[in-house]
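Asks: Quick one, what's the 3D model for this:
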Amino acid sequence: MNLAIVGAGPAGLKAAETASQYGAKVTLFEGKPSAGRKFLVAGHGGLNLTHSEDLENFSKRYTGGASESFWTSLLKDFGSENLKLWAEGLGIETFIGTSGRVFPKEFKAAPLLRRWIERLRKEGVVFKTRHYLTHITPSIDSFNLTFTTPEGVMRNSYDAIILALGGASWPRTGSTAEWIPLLQSLGISIKPFEASNCGWEVDWPDYFQKETMPSNIEGLPLKNIAVSAGNQSIKGELLITKYGFEGGALYQLARVLRGMEYPCLSIDLKPSFTNEALSQKISPFTKDMIGEAVKTWRLGAAATELLRSAACKRGISSPFTLASLAKSLVIPLSGPRPIAEAISSAGGVSFSELNESLMVKSLPGLFLAGEMLDWEAPTGGYLLQGCFSTGRLAACGAIQHITRV
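Replies: Predicted coordinates:
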């Protein structure tokens, strides 16, 4: 069983591990000088491996071209508990944070990646770095692959191949989506990539600026808020930036925002209170009503500045209207940040092109995994879990295909 895997991110590495354990001869190709570069970047924030929530809610976190039942089945086969046990098998202890997210105790990606690669080499996986895929030529019961390398052009034949070439975010790590023309030449349908889990830009009003943003506000969080877009509402935090907003609550609304003709956020600064309860706290009306609200509502610096600016612009003149503004502070967004800055991307190869094992229906023996596929999920461990799980599924499918052939 001669298997080629192209792309040494988490999906490709997991595919290589799974296939080698089933006895396949695995060659893992990577265009960059080393494996797992995006995995290491993901680890800068502590490496959120997966999430501890139950399967029913976990599978609902994934949107895109695949059904919820696909994700339920996938995560039953290899879900968060499996991933934690896998990490512990590498000697990496994990823990569940207060938000339910799962992290290595070291909060680092490098030790895990180093041990993982060592184990793969011991299992016989051959690593070929600086090998850039340029052509895929199907033939009877095999595929011919062409790579450019520092030593020149290399060609070889394989019984099956798994592509795990990533999406379009963080291109400096190798996720450039330059594979799109290659797959389109093979007749494979691909949904255009868009930024997901990214910041959104705001045209901050002049009174909220010096040159771009007051230095005492930029970088401060809006905590314990509810953020809504369309008919979806998320409780969490936002971070004010020079260009607009970042933050987990915003990332979860990415799909809704991209579908809005005029995207905007409605921020509830005090979601645990009603309009009436808030207005009663600052009744009756005083000249310094906003200052009184800031004090009694216990607003932070960022929330105070947002509310003060909006109230001045609208000419708020009663406790109830100020409370209403605090409960529904609408801020128009001018667009997402560039996809190169995004944590992840949406779009990719349509699931309609694939069978239940992630094999391209029109090209038996060609499998796809990871962020090449048309799915997206919020941050919080769901992205890495999706890459691991699809990598394993593609490898199992490739082994079944090779043994049947």
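Asks: The lowest-mean-pLDDT helix or strand in the chain: which residues count as buried?
Replies: Across the helices and strands of the chain, the lowest-confidence element by mean pLDDT, DSSP states H and E is helix 289-297, at a mean of 81. Across helix 289-297, burial judged by 16 or more other Cβ atoms under 10 Å covers 289, 290, 292, 293, 294, 297. In this view, the C-beta of every residue, glycine as well, is placed from N, C-alpha and C.
Asks: Kindly report the same for stretch 162-174.
Replies: Neighbour-count burial for stretch 162-174 [16+ other Cβ under 10 Å]: 162, 163, 164, 165, 166, 167, 168, 169, 170, 173, 174.
Asks: Quick check: which helices or strands does the lengthiest helix in the chain pack against?
Replies: Ranked by residue count under DSSP state H, the longest helix found in the chain is helix 382-404. With contacts defined as 3 or more Cβ pairs under 8 Å, 6 or more residues apart in numbering; DSSP states H and E, helix 382-404 has these neighbours: strand 2-6, helix 10-21, helix 37-42, strand 50-51, helix 68-77, helix 80-89, strand 160-163, strand 366-368.
Asks: Spell out, range by range, the helices that occur in the stretch 101-250 of the chain.
Replies: 110-122, 180-184, 248-251 (DSSP state H, counting those that start in this stretch).
Asks: So which of those helices is nearest residue 146?
Replies: helix 180-184 (10.3 Å; Cβ to Cβ).
Asks: which residues are contacting the closest one?
Replies: 133, 134, 135, 136, 163, 190, 349 (Cβ atoms under 8 Å, 6 or more residues apart in numbering).
Asks: and if you look at stretch 60-72?
Replies: In contact with stretch 60-72 (Cβ under 8 Å, 6+ apart) are residues 51, 55-56, 58-59, 191, 255, 346, 348, 350-352, 356, 373-378, 380, 382, 386.
Asks: One more: stretch 19-32?
Replies: 1-8, 12-13, 16, 35, 120, 123-133, 145, 147, 158, 162, 173-174, 395-396, 398-399, 402.
Asks: Alpha carbons of that stretch, as PDB, please.
Replies: Extracted as PDB, the C-alpha positions of stretch 19-32 are listed here (Å, rounded to 0.1, in the frame of the first residue of the first chain):
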ATOM      1  CA  ALA A  19      -2.500   5.200   7.500                       C
ATOM      2  CA  SER A  20       0.900   4.000   8.800                       C
ATOM      3  CA  GLN A  21      -0.800   2.300  11.700                       C
ATOM      4  CA  TYR A  22      -2.800   0.300   9.200                       C
ATOM      5  CA  GLY A  23       0.400  -0.800   7.500                       C
ATOM      6  CA  ALA A  24       0.500   1.600   4.600                       C
ATOM      7  CA  LYS A  25       3.800   2.900   3.200                       C
ATOM      8  CA  VAL A  26       3.400   6.600   3.700                       C
ATOM      9  CA  THR A  27       5.300   9.500   2.200                       C
ATOM     10  CA  LEU A  28       4.300  12.900   3.500                       C
ATOM     11  CA  PHE A  29       5.100  15.800   1.300                       C
ATOM     12  CA  GLU A  30       5.300  19.500   2.500                       C
ATOM     13  CA  GLY A  31       6.100  22.600   0.400                       C
ATOM     14  CA  LYS A  32       7.600  24.500   3.400                       C
END
